[in-house]
Structure formats: structure tokens, C-alpha cells
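Colleague: I would like to see how this sequence folds:
(chains A, B, C and D)
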Protein chains: 2
Amino acid sequence: MPPRALHQPRKVPRQKRSQETVDAILAATAHILSRQGLEKATTNAVARRAGVSIGSLYQYFPDKEALIRALNERHTREILDLLRARFDEIRAAPIPEAVEAIVRAMVEVHRHDPDLHRVLVQVTPAVGGREETRRLEAAAAEMLVAFFHARASELRSLDFGLSAFLLVQSVEALTHAAVLEHPDLLKEDRFVLETTRMIVGYLTEGGPQPDRSPGRAAPRPGRPTAPSGGT
Amino acid sequence: MPPRALHQPRKVPRQKRSQETVDAILAATAHILSRQGLEKATTNAVARRAGVSIGSLYQYFPDKEALIRALNERHTREILDLLRARFDEIRAAPIPEAVEAIVRAMVEVHRHDPDLHRVLVQVTPAVGGREETRRLEAAAAEMLVAFFHARASELRSLDFGLSAFLLVQSVEALTHAAVLEHPDLLKEDRFVLETTRMIVGYLTEGGPQPDRSPGRAAPRPGRPTAPSGGT
DNA sequence: CAAAAATGCGAGCTTTTACTCACATCCACC
DNA sequence: GGTGGATGTGAGTAAAAGCTCGCATTTTTG
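Modeller: Predicted coordinates:
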């Protein structure tokens, strides 16, 4: 490896042909990465599989890390789009149905390309992409907090930020593990139903908030809502 | 890199001196791995930091992957030992205290060396260590199932295997994320208490088993949880 | 103490890596 | 149809990687 240098930002593809090249490179990266891991995903191997020359690869990606980061960014964007759409759809649904829909959405996200998702989760931090992951989690938590706000009267008293953190992390981990290690659980509905049950119980156990002025549910007395804002 | 060859198993250290060598190598691996990641943890770098020659390293580890797998195995063993001890201690405690103790134990596990733990989680699959991770999770789930059995009368009707899976995955992910991304949450007790609350609610909501009158309404009517032997 | 076994060493080999560069080809537009 | 920017090429480079092997040193054993 040559010493770290100043990698100037590369060209942006302007013509259709070059956009196809970039797509092929990203697809090849995904393919090798998800089947053989980061160390085997060499720039030469990626270029070969993409059917382009190594020079073309370096025309659009300044180095290997940028290549993987780009892939991760695209993947993250897809997930966020899907989640936003689902959250929109369930704006008015009752809590249990809403939670179930979100759990199903997460399963959907993970089932799309489980191996790629897994390896990106593993590899992204090593490649300077922790910030991107944080952004994704923060955005998901924000959607949840907004949802909580809108439905405060149906929930028990919660620290929205903390609860959003718990749910985002739990559901992501559960879905991730279920898809990768227990796909059988997903055939039937048990996984989704049981996860939904856990969450709904956590959110509502203790009874709905006795009706308050439509402002919002007060978090625990004197407790600031810690982990939520960080966009 | 030479082509993949038949890596015969290497020597086992018999003398005290060589045991110290192996320890130094593992310590150096942990150090570099947790601070610089897998790609920087080259065998030459590890040997240099351990203060031994590259030849000595290859006397005990047939290749780089085996080196990291060995580190992971040691780490896994430590976690399992700690968990077993805790489960023993709480055999007789009331459910809420027991759950809280286990959550605290998980925090303890992660706080011991968060960076090493994180990177091992990330890197282990790429190095042929998925089986080891599966073993750890299975063992943890087994302990939980045993706990459930012993306390069945205090729990609502559960599919033990499925519930153990949900809890193992959730608590691991939550603790992992909390330690790495929100250490502030751990200063106060909010994280432990809220996580405990979620779990206890999930395990007991609906009332204890023998008392067949559900005190609280279930989220969905008549959803039977079919037992399944999930190890 | 001598022979044998275990342990340690590190120069150096081969292969692979990330990445560059001089040049060829394509395409939009006039 | 020709010109100039966009795009594509791939042999080649220096660095670094994984790993071997012949030999030196230490420890155990008889």
C-alpha cells in the first residue's frame, strides 16, 4: 500500500455510459463484499467482476474506502426511504397495528439483501462510515419520537428519546439476527407478532395516559430526553 | 499472499516460556485489532508489538485467521463464565431483580473492553468464527430457557425458545449500542432500569401463569404462543 | 553433562495490494 | 466531420502482505 495521500474527489459521471460503469462497480462491490468480506474485496477484483478496467474504477472513487462508503450510502438511503414511507402510512393507525407495520417494514428491509446488509453493518465502521450509520439511527429515532408525540395520549409516560433508542436498537438487532440465523422464524408470523407484543407492552403497559391537554406526555419528572436529537 | 494451503495445526505451548509468548501475541493482537482494525492487524505488526519474531507467531498459529479466532474464543469463554456465575447467583431472586442483575452483567461484560468486543463482533464472521458466536448465543439462550423453566409459575405463557432469542438479541444489541454510542446513559441508571422494565413487562404482562384470569388485556385477543424447542 | 526436544529468531521469498499514467476510444455539439 | 471533453484501458510500480526455513538458543531429560 502506498502511503496515504491527498485523494482529490473524483469525477462525477455525466453521461449514461459512465453512470452504467459506476452502477456496475457498485454492484460488483456488493457482490464480492457480501460473499467474501472486506479483505477479499480488492479494487482489482471489483473492477474485474464489474467488467471495467481498474483505471475506470479510480476515475470515480478516490480509494477503496470511498468505494465501500458509497455503497453504504446508497443502501442507507434506500432503507430510510422505505421507513419514511411506512411511517407515513401508519400515521393514523392504532398503536398495535402501527408497531406491527414497522416491525414488518424492518423485516422487509433486511430480507432485501441480508448478506449485503450484514457485511455493511460489520464493515462500515472500519471504513470511515460510522457517521453514516449514526445518521440512519438518528433519523429512525426521530421518526419514532415524532410518532410518540402524535400519539402521546395512548402511551404511558415515556422518556421519548430513551425509548426510541431502545426500540431502534432492539428491532434492528432482532430483525438482523432473525433474518440471518433463524429464517424459519420468519416463515410463520411468530417473530413479528412476538416482537410487536414486546414493544406494544413496553409502550402502553401501565395504561394509556389519562387524557392530557393535547400538548404532550411529560417525560419522567425532571428527566431531559437524552439520546435523540443528534442529527 | 501465497495460495491457500493446508495449514497443519501448530504446536501447543508446553513450557511456561512459550505460554508467555502466546499470551503476548494474543495481547498484541487485541491491542492492534481494537485500535486499528483487521486490515492493520498484520501478522508482522502483531509480532513486533508482542516483542517476538514472526517465526514464533507462526509456530503457534497456522495463519492470521486462526490468530483472531483464538482471541475470540478466549473472549467468548470469559463472557460465558461471567454469565454462568451471574445466573447461578440469581437462581432464587424475584423476577425483576433477576432480570436487572442480568442486564447489569451484560453491561459489565461490554464495559470490560468495549473496543475489543466491538471489533471482535465485527470481524469474527469474516475470519471463520461465526460458529463460535452462534455457540455463545445458544449457550446464553439455554441459560435463559432453564431460568424460564424454573420460574414458569411467575411468567405468562411463553414460547421459551422464541422469548430467549428475543431477549438475548435485544439485550446484547442494546448494551452494545449503549456502551459504544451513549456511555452517558450508563452513568445514571436509566438504561438498566428501562431495559429491565421492558423485559419484565414482556415476561410477566398478562399475569402469572397459574392464575388463569388475565388481569390485563393482551394486545391481541387469543394469540396462542406455541412452545417450540429452540436451542 | 550431553543429547534431545522445545522454543525462538528474522532475512527473505513470493504474491498481492492499492493505485498511477500515458494513451486509446467514444460522444455531444457545432 | 472534426474537435474537445468525457470516458475507458491495463501494464506497470512501489509497498506491503503472509508465510517459510535454516539455524541459534534455551530447557528438559537421562
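Colleague: just after the top helix by length along chain A, pick out the following helix or strand.
Modeller: For chain A, the longest helix by residue count, based on DSSP state H, is helix A:64-89. Using DSSP states H and E, the helix or strand that follows helix A:64-89 towards the C-terminus is helix A:95-112.
Colleague: helices or strands up against that next one?
Modeller: Taking 3 or more C-beta pairs under 8 Å, 6 or more residues apart in numbering or on different chains; DSSP states H and E as contact, the helices and strands that helix A:95-112 lies on are helix A:64-89, helix A:160-181, helix A:190-204. The way it works is simple: take the backbone N, C-alpha and C, and place the C-beta from them, glycine included.
Colleague: the first one packs against which elements?
Modeller: The one in question is helix A:64-89. Packed against helix A:64-89 by the contact rule (3+ C-beta pairs under 8 Å, 6+ apart) you find helix A:16-36, helix A:43-50, helix A:95-112, helix A:114-123, helix A:130-150.
Colleague: list the buried ones in it?
Modeller: For helix A:64-89, a neighbour-count test (16 or more other C-beta atoms under 10 Å in any protein chain shown) marks A:64, A:66-72, A:75-76, A:79-80, A:83, A:86-87 as buried.
Colleague: what of stretch A:18-32?
Modeller: For stretch A:18-32, burial by neighbour count (16+ other C-beta under 10 Å) applies to A:21-22, A:24-26, A:28-32.
Colleague: near chain B, list only the ones from those residues.
Modeller: Filtering those for neighbours of chain B using C-beta under 8 Å from any C-beta of the partner chain leaves an empty set.
Colleague: close to DNA strand D, is the longest helix of chain A?
Modeller: No: Helix A:64-89 stays clear of DNA strand D (C-beta under 7 Å from any atom of the strand), getting no nearer than 13.4 Å.
Colleague: quick one: that helix near DNA strand C?
Modeller: Yes: on the criterion C-beta under 7 Å from any atom of the strand, helix A:64-89 is in touch with DNA strand C at A:Lys64.
Colleague: count of neighbours near A:Leu193?
Modeller: Neighbourhood size, A:Leu193 [other C-beta atoms under 10 Å in any protein chain shown]: 17.
Colleague: how near is it to B:Glu131?
Modeller: Here A:Leu193 is placed at a distance of 30 Å from B:Glu131 (C-beta to C-beta, to the nearest Å).
Colleague: again, but for A:Leu83
Modeller: Applying C-beta to C-beta, the value for A:Leu83 to B:Glu131 is 33 Å.
Colleague: same deal with A:Glu181?
Modeller: Distance, A:Glu181 to B:Glu131, using C-beta to C-beta: 12 Å.
Colleague: the closest residue to DNA strand D within chain A in helix, strand or coil?
Modeller: The minimum distance from chain A to DNA strand D, using C-beta to the nearest atom of the strand, falls at A:Gly55 (1.8 Å). For A:Gly55, the secondary structure call by DSSP: H, G, I helix; E, B strand; the rest coil comes out as helix.
Colleague: burial count for it?
Modeller: Residues contacting A:Gly55 under the criterion other C-beta under 10 Å number 8.
Colleague: next one: it from A:Leu67, what distance?
Modeller: 14 Å.
Colleague: I figured A:Arg91 was touching A:Ala150, is that so?
Modeller: Yes: taking C-beta atoms under 8 Å as the definition, A:Arg91 is a contact partner of A:Ala150 at 7.1 Å.
Colleague: what residues does chain A put near DNA strand D?
Modeller: Within chain A, the residues that sit near DNA strand D (C-beta under 7 Å from any atom of the strand) are A:1-3, A:11-15, A:17-18, A:20-21, A:52-56, A:58-59.
Colleague: show me the contacts for A:Leu83.
Modeller: A:102, A:105, A:109, A:139-140, A:143 (C-beta atoms under 8 Å, 6 or more residues apart in numbering or on different chains).
Colleague: Serialize these to CSV and add fields for neighbour count and distance to A:Arg48.
Modeller: As requested, the contacts of A:Leu83 are exported to CSV (neighbours: other C-beta atoms under 10 Å in any protein chain shown; distance: C-beta to C-beta, whole Å):
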residue, neighbour count, distance to A:Arg48
A:Ile102, 23, 41
A:Ala105, 20, 36
A:Val109, 22, 30
A:Ala139, 17, 36
A:Ala140, 23, 37
A:Met143, 19, 41
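Colleague: low-scoring stretches of chain A, by residue?
Modeller: Chain A contains residues with pLDDT under 70 at A:1-9, A:206-231.
Colleague: nearest to B:Val127, of the helices and strands packed on helix A:95-112?
Modeller: B:Val127 sits nearest to helix A:160-181 of all the helices and strands packed on helix A:95-112, at 16.7 Å, using C-beta to C-beta.
Colleague: list the buried residues for the closest one?
Modeller: By neighbour count on 16+ other C-beta under 10 Å, the buried set for helix A:160-181 is A:160-179, A:181.
Colleague: write the ChimeraX selection for whichever of the residues of chain A next to DNA strand D are buried.
Modeller: Only the buried entries of the residues of chain A next to DNA strand D go into this ChimeraX selection, using 16+ other C-beta under 10 Å:
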select /A:21,52,56,58,59
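Colleague: and the residue of chain A closest to chain B?
Modeller: Residue nearest to chain B within chain A: A:Ala173 (3.0 Å; C-beta to the nearest C-beta).
Colleague: looks like A:Asp115 contacts A:Gly37 (just checking).
Modeller: No: under the contact definition of C-beta under 8 Å, A:Asp115 does not touch A:Gly37, with a separation of 10.6 Å.
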